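S.K.: sequence and predicted structure are below.
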Amino acid sequence: MCLVCGSNDHKATLFGGYAYSGRKYDIVRCRACGFMFLDPVPAAEVLDDIYKSDEYFSDYFIPGSDRLGYCEGAYERNAHHSRCLAALKRFREAGVLLDIGCAGGGFLIQAKNAGYGVAGVEPNNRMAAAARRATRAQVLEGNFKQGMFPAKSLDIVHLGDVLEHMPEPAAALCEISNILKDDGLLALEQPMTYNASLFNAFLSGQMLLKRNKYSDAAPAHLWEFNPATLRRFLEKNGFKVIWSEVYENKAKPLFVYKDATIKNRVARAIKNMSAGCSNSRLFRKAELGDRMLAICRKTSGLTKPRIAFVHPDLRVGGAETNRLNVLRYMDRRKYDITVCCLTQKGNIADQVEALGYRVDCLNVSDRAYDVRTTAALYRYFRKNRFTIVHTCLSNTNLHGRIAAKLAGVPVIIGEDQSEYERYNPSLGFIFKPLNRALAGFTDRIIVCSEKTGDVIARSERIPRDKFLTLHNVIDTESFRPRRSPDEVRRELGLAQTDIVIGYVASLAGRKGHTYLLQAFKMLSTVHANLKLVLVGDGPLKKSLEGWTVENGLEKKVIFTGQRMDVADILSIMTVFVSPALFEAFGIVLIEAMFMGLPCVAFRVGGIPEVIEDGRTGVLVTPGDTIALATAIQDLMDSPQKAQEYGRAGRARVTGRFSADTYARRLGSLYEELVRKRSYETVR
């Protein structure tokens, strides 16, 4: 794939390539933007063999390089470095400078003499040691990578004939941006071997006459930039060129050539003639030379990854509420975020749009077998060229990840909110191997609890380290009652003396309402003023209401339907109860805890990761109605214990389940994965 424009359409050039260590590496040109590069890129071990070898700095690099000031020796004689430092002085007189690929320290010596504090990185051990001796500065051995230097610790980074050798130059620029201060500069000395010039035309003519166009030498460059592709690549990866010049080298001294043949003498003469033409006033603006100096500044807007959150819809639900809460705290200076719905938008979408985010709806099915949904998402991802696609919930994960892979999205993240009801169990023989295959190209699978990750990993045989647990959260800043408890009681027809216990969940079988109703029936015989408030709607509403009538509890049990004012309802409760038989996490539990309520719940799924038994609430055996009633009774009879549980629960939510914490962790994940994928945004 082309680093500059993302195209996969390229053609071989007449310059052939390299036949090195038993493999051919072609020099190809992108048909879309003209960028030239090696295809394939040599493997890491091949590059290490080249660049860490001492031979690279002797016979292969440039014979007599010490006499030219590249390595050890006459440092001040390197005209390229002097030219670069003179340009750098225009923008920064002093500061801490890092030279990546510093060889024997030639540039570092000149920079130090010019008044800069210096440090270096060099993969060749002998050269790194030489640079340390020459500069008495920090010179790290090894390839430049993330974590070598603290964030925002450097004023200048210098790449002198290095960018074209980096196996992942976009990732390197990303890390360079990270370690540079906000006003930091990148200084580039960039060779342009195949840029338009008289000498390049001479080289082309030579290649036409060659039968074997493959050199057995090590590849000289991995990437061949010209001024246009270099600027475009830098801007794509967070740097804007603020000053540049393109010039052409004069021929190197004759001692560089192993044999002073007539052919080499003719080549030198043509090279000098080309340099004279390219460096003349008439041709300078045409940028015809074979070398570019560029001083670049960090930018912000150009580096924003484009993120798409994909949901089936944004109706009221746990996953949807969690997304809304987190979006309030995402750093919009870093990310360009869009939310995409498959089937419809919903109430949560209105709130997301009110925050200033765009919400798109494709109006397609979210059924697993509907390939039209995959096709629609593929077109949507291709059109919008997202850097990250983050899908949520089972069928959306299926369609979204396939479409993102086909569209060439660099970073793909799936999110599972439950290990339950992910698909019809009878179709597990299809979906388990399918999900396992999808996990192979998914960068990370986010789960809402450790238990959920354990179950899915074991069931579908996916490596456990593919999962990241991010517990669901609430927005502790905005989750507040809007009305007084008295107003809420009056609305629901409750007296001031009524004791209220309650539950917030969809009226569905797995939520266990029947166990709570049975426990409530036992408790109501002891407490005449006890009331039960059930918030939510669902398929079991009529049968549950019928049960209360049959048991004479219709005046004691209040069905509110779906509500958006959950904090208001929680404010009138004494104990919150969750009798769910299957619950991956339970956002409503942390809402109740944040409101200072002691909680009673069945010990299922991820609930033990939310409620600390005996400290913030009570956990009982699933399906044990008597134990459920006993736990509720104990908290009603012990107001002091209930208050202690409530205070501890609120503190736990504030410390561990707040939306701002989640947003920071999610942002860190994005930065890690984008850096890894080198911002290869789809074109």
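M.R.: Happy to help now that I have it.
S.K.: where does the prediction get shaky in this structure?
M.R.: Within the chain, the segments meeting pLDDT under 70 span 53-77, 251-260, 263-264, 268, 271, 275, 279, 300-303, 419-429, 677-683.
S.K.: quick one: contacts for the residue nearest to Asp454 when sequence neighbours are not counted?
M.R.: Nearest residue to Asp454, sequence neighbours excluded (C-beta to C-beta, 6 or more residues apart in numbering): Arg464, at 7.4 Å. C-beta coordinates here come from the backbone N, C-alpha and C atoms, glycine included. By C-beta atoms under 8 Å, 6 or more residues apart in numbering, the contact set of Arg464 is 453-454, 457.
S.K.: so which of those residues wins on neighbours?
M.R.: Gly453 (24 neighbours; other C-beta atoms under 10 Å).
S.K.: restricted to helices, list the contacts of Arg464.
M.R.: 453-454, 457 (DSSP state H).
S.K.: just put those residues in JSON lines and tack on distance to Leu38.
M.R.: Formatted as JSON lines, the ones in helices among the contacts of Arg464 follow (distance: C-beta to C-beta, whole Å):
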{"residue": "Gly453", "distance to Leu38": "40"}
{"residue": "Asp454", "distance to Leu38": "44"}
{"residue": "Ala457", "distance to Leu38": "39"}
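S.K.: and of the residues you listed, the nearest to Leu669?
M.R.: Gly453 (14.5 Å; C-beta to C-beta).
S.K.: that's a helix at Leu589, yeah?
M.R.: Yes - counting by DSSP: H, G, I helix; E, B strand; the rest coil, Leu589 falls inside a helix.
S.K.: how many residues are close by the residue lying closest to it once chain neighbours are set aside?
M.R.: Distance criterion C-beta to C-beta, 6+ apart; nearest residue to Leu589, sequence neighbours excluded, is Val610 at 5.0 Å. Neighbours of Val610 under the rule other C-beta under 10 Å: 29.
S.K.: give the contact list for Val610.
M.R.: Counting by C-beta under 8 Å, 6+ apart, Val610 has contacts 471, 585-586, 589-590, 593, 657.
S.K.: distance check, it against Ser578.
M.R.: Per C-beta to C-beta, to the nearest Å, Val610 is found 9 Å from Ser578.
S.K.: shared neighbours, those two?
M.R.: With contacts taken as C-beta under 8 Å, 6+ apart, Val610 and Ser578 have 586, 589 as neighbours in common.
S.K.: for Ile337, see how far away the residue nearest to Leu589 is.
M.R.: Counting by C-beta to C-beta, the gap from Val610 to Ile337 is 27 Å.
S.K.: Asp486 too?
M.R.: Counting by C-beta to C-beta, the gap from Asp486 to Ile337 is 40 Å.
S.K.: who's more crowded, the two?
M.R.: Higher neighbour count among Asp486 and Ile337: Ile337, with 23 against 11, using other C-beta under 10 Å.
S.K.: leaving out sequence neighbours, find the closest residue to the more buried one.
M.R.: Per C-beta to C-beta, 6+ apart, closest to Ile337 is Ile307, 4.9 Å.
S.K.: so that neighbour touches Thr338, yeah?
M.R.: Yes - the pair Ile307 and Thr338 qualifies as a contact (C-beta atoms under 8 Å) at a distance of 7.1 Å.
S.K.: for Thr391, grab phi and psi.
M.R.: phi -90, psi 160 (degrees, to the nearest 10).
S.K.: what about the strands in the stretch 501-650 of the chain?
M.R.: Listed in chain order, the strands of the stretch 501-650 of the chain (DSSP state E, counting those that start in this stretch) span 530-535, 557-561, 575-578, 599-602, 617-620.
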